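S.K.: What shape does this take:
(one chain, ligands or ions: 1)
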Amino acid sequence: MKIYQNYDLSKLNTFGIVVNARFFIEVRNEKDLVELFVSPEFKNNERMFLGGGSNVLFTKDFDGMVILNKLKGIKILNKNSKDVIIRSMSGEIWHDLVIFAVNKGYWGIENLSLIPGTVGAAPMQNIGAYGTELRDVLENIETYQIETGAKRVFKNEECELGYRDSIFKNKLKGKYFIFAITLKLSKIERKNISYKILQEHLKKNKIKVKNPKDISDAVTHIRKSKLPDPTIISNAGSFFKNVFVEKEKLEELLKIYPDMPYFEKENKRNKRKNGSKASVLVKIPAGWLIEQCGPASPRHGGASGTSWKGYRIGNAGVHEKQALVLVNYGGATGKEVEDLAEQITASVFSKFGLKLVPEVNLI
Ligand code: EPU
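M.R.: Purely as a prediction, here's the structure:
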């Protein structure tokens, strides 16, 4: 296990930000991990575990140790006439796991096709797309407690999976390393075409869903048409989370903005704990809110216009087809992207009184 110093991370974050890590190592197996946990460079420094680097914005050099997860392996543990239990090591590419399942005809993660990043990052933020979330299929997560090196298995219910959220982003932040996850998929048809955009795509293209690959192909097509390919234009997917508001707040906003889109249906798990009807939360797409706002005054170097959508300042910008995605056209610093994000947040707050929260991790 080789420890590198002042290691260039620009190819290891999909935002393509040029920064260095003071120390850097790759872990390829559990033996590497055990060695890592006792090494002084690990023990005495701030640490960051990196998977695909697809959900992070580096705003400065990382003055600690970056650990790149290269733990590989996908295995079917068990199957019966209905279900399949699959275990994947955390360093696998998420989409490779989707393809593995889809090619075998197993239902459950086809709607999560083409999400960038690794398997280990998936439970951290409970990845979700087109009406499905990881929590719908997750059985358990195998971890190492970082301080003690002890193994611990978390069952789905123990992971506190919420909208782009988990216990590992909150009270257990930095405490556990995820080394494998186990999913329960279905051999029996279990299609989820509840998401309107997916439904419309299938209808328009006269696609009759016969197997999970049909859905995977459709989702891949939609994603490619809307989201910039990070290998061409650097980005980290949705930069902000969607916004959830109480129904009362929604009604106030609808009086002023009758065209504002909102979604109730998908949101069954976002009820408050007391479950009362009055406290049901409604999702407002942050992409729409951003599209309705724009820069306070067109700045030198920035395109003028009223909307953030397609706006560019220097080398940073807002994607022209999806306002939720910030992009680096090449050479932007993390700080430039962060400044743009702050201006967007301020403008949305000033117009709608709603606070945008980043989905990416700012380091
Ligand atoms: N919209 C706009 N303008 C935009 C973008 C979106 O008005 O520029 C509105 C439209 O009303 C549209 C609605 O937002 O109908 C929803 O848009 P879309 O289906 O593109 O999804 P999203 O809510 O913007 C979320 C996830 C995506 C995921 C899609 C599909 C978050 C933060 N983002 O985006 O996830 O792919 O749904 O399920 O929840 C990611 O996390 O990196 C990501 C790309």
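
S.K.: For residue 346, give its distance to the ligand.
M.R.: According to CB to the nearest ligand atom, to the nearest Å, residue 346 stands 19 Å off from the ligand. C-beta here means a position set from N, CA and C on the backbone, and glycine is covered the same way.

S.K.: give me the number of residues near that residue?
M.R.: Neighbour count for residue 346, taken as other CB atoms under 10 Å: 13.

S.K.: what about it, which SS state?
M.R.: helix (DSSP: H, G, I helix; E, B strand; the rest coil).

S.K.: State the distance from it to residue 340.
M.R.: Per CB to CB, to the nearest Å, residue 346 is found 11 Å from residue 340.

S.K.: next one: residue 317
M.R.: Distance from residue 317 to residue 340, by CB to CB: 7 Å.

S.K.: who touches both of the two?
M.R.: Common contacts of residue 317 and residue 340 (CB atoms under 8 Å, 6 or more residues apart in numbering): residue 326.

S.K.: residues from the stretch 201-350 of the chain in reach of the ligand?
M.R.: 226-227, 237-238, 241-242, 261, 285, 287-288, 291, 309, 322-324 (CB under 6 Å from any ligand atom).

S.K.: shaky segments in the chain?
M.R.: Confidence mapping of the chain against pLDDT under 70 gives the ranges 265-279, 297-305.

S.K.: Any idea which residue is closest to the centre of it?
M.R.: The C-alpha lying nearest the average C-alpha coordinate of the chain belongs to residue 127 (CA atoms, centre = their mean; 5.2 Å).

S.K.: for that residue, what are its contacts?
M.R.: Residues in contact with residue 127 (CB under 8 Å, 6+ apart) are 94, 112, 115, 117, 121, 133-134.

S.K.: What of residue 161?
M.R.: Residue 161 makes contact with 123, 126, 133-135, 138, according to CB under 8 Å, 6+ apart.

S.K.: Give me the neighbour count for the residue nearest to residue 332 when sequence neighbours are not counted.
M.R.: In space, and not counting its chain neighbours, residue 332 is closest to residue 315: 3.8 Å by CB to CB, 6 or more residues apart in numbering. Burial of residue 315 is recorded as 17 neighbouring residues (other CB under 10 Å).

S.K.: Against residue 235, how distant is residue 315?
M.R.: Going from residue 315 to residue 235 by CB to CB gives 12 Å.

S.K.: Now for those two: what residues contact both?
M.R.: With contacts taken as CB under 8 Å, 6+ apart, residue 315 and residue 235 have residue 328 as neighbours in common.

S.K.: Helices of this protein, residue ranges please.
M.R.: 30-38, 40-43, 94-103, 121-124, 196-204, 212-226, 247-256, 286-292, 334-352 (DSSP state H).

S.K.: Give me whichever of those is most buried.
M.R.: Most buried of the helices of the chain, by mean neighbour count (mean count of other CB atoms under 10 Å): helix 121-124, with a mean of 26.

S.K.: near the ligand at all, that helix?
M.R.: No - judged by CB under 6 Å from any ligand atom, helix 121-124 and the ligand are separated, with a smallest distance of 11.2 Å.

S.K.: neighbouring contacts of that helix?
M.R.: With CB under 8 Å, 6+ apart as the test, helix 121-124 has contacts from 51-52, 54-55, 94, 115, 127, 134, 138, 141, 159, 161, 166, 168-169, 178, 181.

S.K.: one step back: just the contacts of residue 127 now: which is nearest the ligand?
M.R.: residue 115 (7.1 Å; CB to the nearest ligand atom).

S.K.: neighbours around that closest one, how many?
M.R.: Per other CB under 10 Å, the neighbour tally for residue 115 reads 24.

S.K.: Stretch 222-231 spans what distance, first to last residue?
M.R.: 17 Å (CA to CA, to the nearest Å).

S.K.: Quick one: distance of it to the chain centre.
M.R.: Stretch 222-231 has its C-alpha centroid displaced from the chain centroid by 14 Å (CA atoms, centre = their mean, to the nearest Å).

S.K.: Then stretch 104-122?
M.R.: 12 Å.

S.K.: do the same with stretch 340-357
M.R.: With CA atoms, centre = their mean, you get 21 Å for stretch 340-357.

S.K.: Send me it as CSV with only the CA atoms.
M.R.: This file holds the C-alpha atoms of stretch 340-357, laid out as CSV (Å, rounded to 0.1, in the frame of the first residue of the first chain):
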residue,chain,number,x,y,z
LEU,A,340,-22.0,31.1,-8.3
ALA,A,341,-24.0,28.6,-6.1
GLU,A,342,-24.2,31.3,-3.4
GLN,A,343,-25.5,33.9,-5.8
ILE,A,344,-28.2,31.5,-7.0
THR,A,345,-29.2,30.6,-3.4
ALA,A,346,-29.5,34.3,-2.5
SER,A,347,-31.6,35.1,-5.6
VAL,A,348,-34.0,32.1,-5.0
PHE,A,349,-34.3,33.1,-1.3
SER,A,350,-35.0,36.7,-2.2
LYS,A,351,-37.7,35.8,-4.8
PHE,A,352,-39.4,32.9,-3.1
GLY,A,353,-38.3,32.9,0.5
LEU,A,354,-37.0,29.3,0.0
LYS,A,355,-33.6,28.2,1.0
LEU,A,356,-31.7,26.0,-1.4
VAL,A,357,-29.4,23.4,0.2
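
S.K.: Thanks again, I'm all set now.
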